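Trainee: 3D, please:
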Amino acid sequence: MSDVMGKVEDDIKKHGWHVLSVFSKDAPSFSYSIGFTETLDHPEIIMSGLDTSLMHSLINDIGQLIRNGQRFTNNQLSEEVIKGYPVKFSKISELNKEEYLRAAVSIYSIEKFDALQCIWPDKEGKFQEESNTAQEVLS
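Mentor: Numbers count the residues shown, from 1 in each chain. Just a heads-up that it's a prediction; the model follows:
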């Protein structure tokens, strides 16, 4: 674990953040940022249920949007993250923050950062309110 945390800290210093992906057989995989709090004064971002390489890329894109002045807040919709589809940002619960963002918790402590989930819509453009087999909702 110390090698992973060393890489996280190096990436934050070098790039401003690190994207960590967690693979799961029993639930949707997820990816999240570590470093938005420190370098961009912005809540960390987590995504669930897409291909991890796609989520990694989307979180990096979100980081660039933030770096360029965009701010994301609870219940905000944005059409700038996935072209042609809106996404919704939702504040995740403290319990889920502790459960899912463990590396960020170990760097910041749970009280010192906020996190938003970037929720993607279904094919009809509707946002789910609860978890399903494709995406966990952590609010």
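
Trainee: tell me which element the nearest residue to residue 80 once chain neighbours are set aside is part of?
Mentor: Excluding the flanking residues, the one nearest residue 80 by Cβ to Cβ, 6 or more residues apart in numbering is residue 65, at 6.0 Å. The way it works is simple: take the backbone N, C-alpha and C, and place the C-beta from them, glycine included. Assigned by DSSP states H and E, residue 65 belongs to helix 52-67.

Trainee: Tell me what angle whatever helix or strand comes next after that helix forms with helix 52-67.
Mentor: Next helix or strand after helix 52-67 toward the C-terminus (DSSP H and E): strand 77-82. If you take axes from the mean of the first three to the mean of the last three Cα atoms, to 10 degrees, strand 77-82 sits at 120 degrees to helix 52-67.

Trainee: ok, now how distant is the residue in the chain sticking out farthest from the centre from residue 86?
Mentor: The C-alpha centroid of the chain is most remote from residue 124, which lies 22.9 Å away (Cα atoms, centre = their mean). Spatial separation of residue 124 from residue 86 under the definition Cβ to Cβ, to the nearest Å is 12 Å.

Trainee: lowest-confidence helix or strand of this structure?
Mentor: None of the helices or strands of the chain scores lower by mean pLDDT, DSSP states H and E than helix 2-15, at a mean of 88.

Trainee: Determine how far it lies from the middle of the whole chain.
Mentor: 17 Å (Cα atoms, centre = their mean, to the nearest Å).

Trainee: Also stretch 44-52?
Mentor: 6 Å.

Trainee: in it, what's buried?
Mentor: In terms of neighbour count (16 or more other Cβ atoms under 10 Å), stretch 44-52 has its buried residues at 44, 45, 46, 47, 48, 49, 50, 52.

Trainee: Between those, which sits nearest residue 2?
Mentor: residue 44 (21.1 Å; Cβ to Cβ).

Trainee: Grab the most central residue of this protein for me.
Mentor: Among the residues of the chain, the one closest to the centroid is residue 46, at 1.7 Å (Cα atoms, centre = their mean).

Trainee: Can you name the helix or strand that that one falls in?
Mentor: Using DSSP H and E, residue 46 falls within strand 44-48.

Trainee: Return the list of helices and strands in contact with that strand.
Mentor: Packing partners of strand 44-48 (3 or more Cβ pairs under 8 Å, 6 or more residues apart in numbering; DSSP states H and E): strand 30-34, helix 52-67, strand 115-119.
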